[in-house]
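[1] return a 3D structure for these sequence lines:
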Amino acid sequence: MYSFAQRLDVKVMDEPFYAYYLIYSQLEHPGKEEILKTLEPDPVKVFGQIQEQEQTFNNVFVKNMGHHLQGFDYSPIKHYQNVFLIRDPGQMLLSYAKVREEPTLNDIGLKQQAELFTWLQAEGQNPLVLDGNELRKNPEHVLQQLCDGLGLPFNQAMLNWPAGPRAEDGCWAPFWYAKVHQSTKFMAPDTDSSPLPNSLRATYEAALPYYTTLKQYALLA
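    Model prediction:
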């Protein structure tokens, strides 16, 4: 999201279906009360908000979570260009557990991503897939491939951004975006080989097949 936000021809939106997801799932997330006050909870109206942005900007980049798309008719996404950002599930779980303890398979969204990917393929799409580690190995090369796939000219501005928050950040940013607020570019892939705690092993094993399925389609560094 921060990368695409550097483009003058793109408007970014941060997880616009989050309020609906919290109501639907009844989960307790950090900042839930503020999220419900801030975001539109009706997914039909959220799609309308996206369309409003499309009338002003050439391109709208919607950063979304796969597991936010459940319990309503999300079929309008088949009319968009869809990009799936994936990450090694062990890395995801270690990161997520810093904010919410003992994350489940549904929390990290890989299963839903794989299901959405398969559904979009059946609808005739060939969605693009970014693996976080491949992207961080060679950001320029991978972003060039991504832009080619989206029919956009690559822009060098996508490689850097100013440190700190953005106006488009969701109100949950203080809980989740500390590292990205410290960053100014894509950093090298994580080299931490710390073993997963036993409490996360079962979730990791459940998530791995979905990650493996999507990874075979990922753009390579």
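[2] can you give me how far stretch 36-49 is from the chain middle?
    Relative to its parent chain, stretch 36-49 has a centroid offset of 18 Å by CA atoms, centre = their mean, to the nearest Å.
[3] first to last residue in that stretch, what's the distance?
    Terminal residues of stretch 36-49 lie 16 Å apart, using CA to CA, to the nearest Å.
[4] rounded mean pLDDT for it, please.
    Here stretch 36-49 scores 98 as its mean pLDDT.
[5] residues in contact with it?
    Outside of stretch 36-49, the residues within contact range by CB atoms under 8 Å, 6 or more residues apart in numbering are 13, 16-20, 22-23, 72-74, 76, 170-171. Bear in mind the C-beta positions are built from the backbone N, C-alpha and C, glycine included.
[6] quick one: buried residues of it?
    39-41, 43, 46-47 (16 or more other CB atoms under 10 Å).
[7] stretch 172-184 too?
    Residues 172-173, 176-177, 180, 183 are the ones in stretch 172-184 that count as buried (16+ other CB under 10 Å).
[8] all helices for this protein, in order.
    Here the chain has its helices, by DSSP state H, at 2-5, 18-25, 32-38, 43-56, 89-96, 105-108, 110-122, 132-137, 139-150, 173-176, 178-182, 198-215.
[9] returning to what we had before: quick one: which of the contacts of stretch 36-49 is most hemmed in?
    residue 18 (25 neighbours; other CB atoms under 10 Å).
[10] so that residue touches residue 68, yeah?
    Yes: here residue 18 lies in contact with residue 68, judged by CB atoms under 8 Å, at a distance of 6.3 Å.
[11] can you get me the start-to-end distance on stretch 22-39?
    11 Å.
[12] do the same with stretch 174-182
    OK, stretch 174-182 end separation, CA to CA: 12 Å.
[13] contacts for that stretch?
    If you take CB under 8 Å, 6+ apart as the criterion, stretch 174-182 is touched by 2, 30-31, 99, 163-165, 169, 173.
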